[in-house]
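>>> Fold the following and give me the result.
(chains A, B, C and D)
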Number of protein chains: 2
Amino acid sequence: MTATAGQCCAPIAREPLSETDAAELAVLLKAVADPVRLRLLSMIGSHAGGEACVCDLTDAFDLTAPTISHHLKVLRTAGLIDCERRGTWVYYWIIPAAVARLGALFTPLAEPATA
Amino acid sequence: MTATAGQCCAPIAREPLSETDAAELAVLLKAVADPVRLRLLSMIGSHAGGEACVCDLTDAFDLTAPTISHHLKVLRTAGLIDCERRGTWVYYWIIPAAVARLGALFTPLAEPATA
DNA sequence: GAACTAATTTGACATACCTCTAATCAGTTG
DNA sequence: CAACTGATTAGAGGTATGTCAAATTAGTTC
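Here you go, the predicted model:
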């Protein structure tokens, strides 16, 4: 990463994204660019205690357990969430720093261009 | 949209995203979840005057003109950019409100979960 | 340890996506 | 208007993605 030190990579609007930064961020965005995974992420993030059990997540969709498991793996591989097994159940939680990178990417663009 | 009035849809971390919100946002995110389109967006957004000519954009990549044109169309269809023909050249600019939606989605998640 | 529940892995299939070449549309200029 | 440059559209090919059924792994309980 040729990122600006600290928070995240260079915000999208200040200077052109480097080729490597763009490739890296695209991986992160691809992980999130799916309706099911977006909902999973928000369900985990808004769940009481900051954790959610797979069983709860699976029940909320009209999809099979393997499909949900697949989507969770995509999010985990991207570094957006992590999980731990506790007895019979597996719990997932969000990694705030990873999500913050995405927020920091777009926020500077909210300001209209130097008209 | 069952969005919270004003800025954007419900931020991802406060309450679970509705099915329709998730579907709609996924479309927006899919448009951005590609290294070439991310760079295009940042090149347009950081360009002096807030506009960029297609010819400049095309030259920055090792891709053919039709491919760049395709990516620009994806971004435009998603509502993230708009364009105008002026004589021989076509100029693109960013639609700040659309990009702001993405920023607002993730920013609330930056704060670590209610530990 | 046998039977059961929770979750993941594997393999397959249909669809979507990225890229290219070839052809077309839009404007300018001799 | 013919020739040229800039940009998009159309069509094709190879790869990646989302989903499921079947099989496997992990833990609990009788």
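>>> Now the phi/psi pair for A:E84, please.
phi -150, psi 140 (degrees, to the nearest 10).
>>> Quick check, it in contact with A:V90.
Yes: with contact defined as CB atoms under 8 Å, A:E84 and A:V90 form a contacting pair (7.2 Å). To be clear about C-beta, it is placed using only N, CA and C from the backbone, and glycine gets the same treatment.
>>> helix, strand or coil for the closest residue to A:C83 other than its chain neighbours?
Leaving out its chain neighbours, the residue that sits closest to A:C83 by CB to CB, 6 or more residues apart in numbering or on different chains is A:Y92, at 4.5 Å. Look at A:Y92: counting by DSSP: H, G, I helix; E, B strand; the rest coil, its state is strand.
>>> With A:L63 instead?
Three-state call for A:L63 (three-state DSSP): coil.
>>> Then A:G79?
Going by three-state DSSP: A:G79 is coil.
>>> Would you map the helices across chain A?
For chain A, helices defined by DSSP state H occupy the ranges A:19-32, A:35-46, A:54-59, A:65-77, A:96-106.
>>> Tell me how far the first one lies from the chain's centre.
In other words, helix A:19-32. Offset of helix A:19-32 from its chain centre (CA atoms, centre = their mean, to the nearest Å): 11 Å.
>>> How about that helix, which residues are buried there?
Burial within helix A:19-32, assessed by neighbour count using 16 or more other CB atoms under 10 Å in any protein chain shown, is assigned to A:D21, A:A22, A:E24, A:L25, A:A26, A:L28, A:L29, A:K30, A:A31, A:V32.
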